[in-house]
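S.K.: Build me a model:
(chains A and B)
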Amino acid sequence: MSHFGRSGPPDITDTYSLLILNITFRTTADDLFPLFDKYGKVVDIFIPKDRRTGDSRGFAFVRYKYADEAQKAVDRLDGRVVDGREITVQFAKYGPNAERIHKGRISESVPRSKYRSRSRSPHRRHRDDYYRDKDYRRRSRSRSYDRYERDRYRGKERDYRPRSRSHSASPDYSKGRGRERYDDDRRSNSRSMSASPARRSPSPRKSLSPRKASPSRGGSADRRSRDWQSPSPRSVSPRGRPADSRSPSRNSDVDE
DNA sequence: GTTGAGCGTT
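M.R.: Predicted structure coming up:
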């Protein structure tokens, strides 16, 4: 039936991209295909989905083969009620390569990074922050999976705070003030027991807290760990803190 | 099960 998005972008050199907004969160490409295909030749349909849940984001991209058909679809399907919601069909403003489009047509005549302006968006919200400008330059201090775990929600849980990192090996709370003293104290201790660079073990407390041999539920334990380390960070024994400061230059973005 | 400005993938 519809193999859109299964093999990536087939050919975007002579296709016109249309942006479909205001669609329902359960509308799929299969539902839009027969609708847009009736007005022209649809070469590809893609609907961005969430990385965590996998749900649709509420908009889709329909690529036509010819501009006249795309224009007709825009004039015909723009304002049409789909699945009980009025959709908005218009020419895509940006291309898949984050480049400008010529009246909906994707232009591959992009020289180089000369047109790379991060000010493409006149105004961006939290949604843009999720994908940023697809630069993904935040990999300087974390892996690729890290941004998927600590990414902010689309707006549902704006109160979400990375406080569940008690056992996630993210001790970014101990740095910022007077860490040199603890660092020195812990460092001598660390050197005494092991001079190996294997101090990145995310479970150092295991040897210190053998009481729990079955950490099946780390929820309650997490809450308590955060409790006694939040108000008095200095009361924490310098025994279970392997990571001293992985990236001291990026601590201003989380600890604010 | 919810939400609603916006611009995209192997």
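S.K.: hey, what's A:Ile45 bridged with?
M.R.: Beta-bridge pairing of A:Ile45 under DSSP bridges involves A:Val62.
S.K.: List the single closest residue to the residue in chain A positioned nearest to DNA strand B in space, sequence neighbours excluded.
M.R.: Nearest residue of chain A to DNA strand B: A:Gly58, at 2.1 Å (C-beta to the nearest atom of the strand). Just so you know, the C-beta spots here come from the backbone N, C-alpha and C atoms, and that holds for glycine as well. Closest residue to A:Gly58 apart from its sequence neighbours, by C-beta to C-beta, 6 or more residues apart in numbering: A:Phe25 at 5.8 Å.
S.K.: got it, and A:Asp50?
M.R.: That would be A:Arg57: by C-beta to C-beta, 6+ apart, it lies 6.4 Å from A:Asp50.
S.K.: Tally up the residues packed near the one you found, please.
M.R.: Residues lying near A:Arg57 (other C-beta atoms under 10 Å) number 15.
S.K.: my guess is it meets A:Phe46, correct?
M.R.: No - between A:Arg57 and A:Phe46 there is no contact under C-beta atoms under 8 Å: 11.2 Å.
S.K.: Low-confidence stretches in the stretch 1-150 of chain A?
M.R.: Residues of the stretch 1-150 of chain A meeting the criterion pLDDT under 70: A:1-2, A:5, A:8-12, A:103-104, A:106-150.
S.K.: can you give me the helices in it?
M.R.: In the stretch 1-150 of chain A, the segments counted as helices under DSSP state H, counting those that start in this stretch are A:29-36, A:67-77, A:126-131, A:146-149.
S.K.: Contacts only, for A:Thr15.
M.R.: A:43-44, A:63-65, A:105-106 (C-beta atoms under 8 Å, 6 or more residues apart in numbering).
S.K.: Next one: A:Asp31 relative to A:Arg85, how far apart?
M.R.: 12 Å (C-beta to C-beta, to the nearest Å).
S.K.: more neighbours, these two?
M.R.: A:Asp31 (17 against 14).
S.K.: pretty sure the more buried one is touching A:Val62, no?
M.R.: No - with contacts counted by C-beta under 8 Å, A:Asp31 stays clear of A:Val62, the gap being 11.6 Å.
S.K.: And for the residue nearest to A:Gly58, the neighbour number?
M.R.: 11.
S.K.: contacting residues for it?
M.R.: By C-beta under 8 Å, 6+ apart, the contact list for A:Phe25 reads A:55-58.
S.K.: what about the strands in the stretch 1-150 of chain A?
M.R.: A:16-21, A:42-46, A:60-64, A:81-82, A:85-86, A:88-91, A:101-102, A:105-106 (DSSP state E, counting those that start in this stretch).
S.K.: looking at those, which is buried most?
M.R.: Among those, strand A:60-64 has the highest mean neighbour count (mean count of other C-beta atoms under 10 Å), at a mean of 26.
S.K.: how about that one as CSV, C-alpha atoms only?
M.R.: Extracted in CSV, the C-alpha atoms of strand A:60-64 (Å, rounded to 0.1, in the frame of the first residue of the first chain):
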residue,chain,number,x,y,z
ALA,A,60,2.7,15.9,7.7
PHE,A,61,4.7,16.4,4.5
VAL,A,62,3.3,15.6,1.1
ARG,A,63,5.5,15.7,-1.9
TYR,A,64,4.0,16.1,-5.3
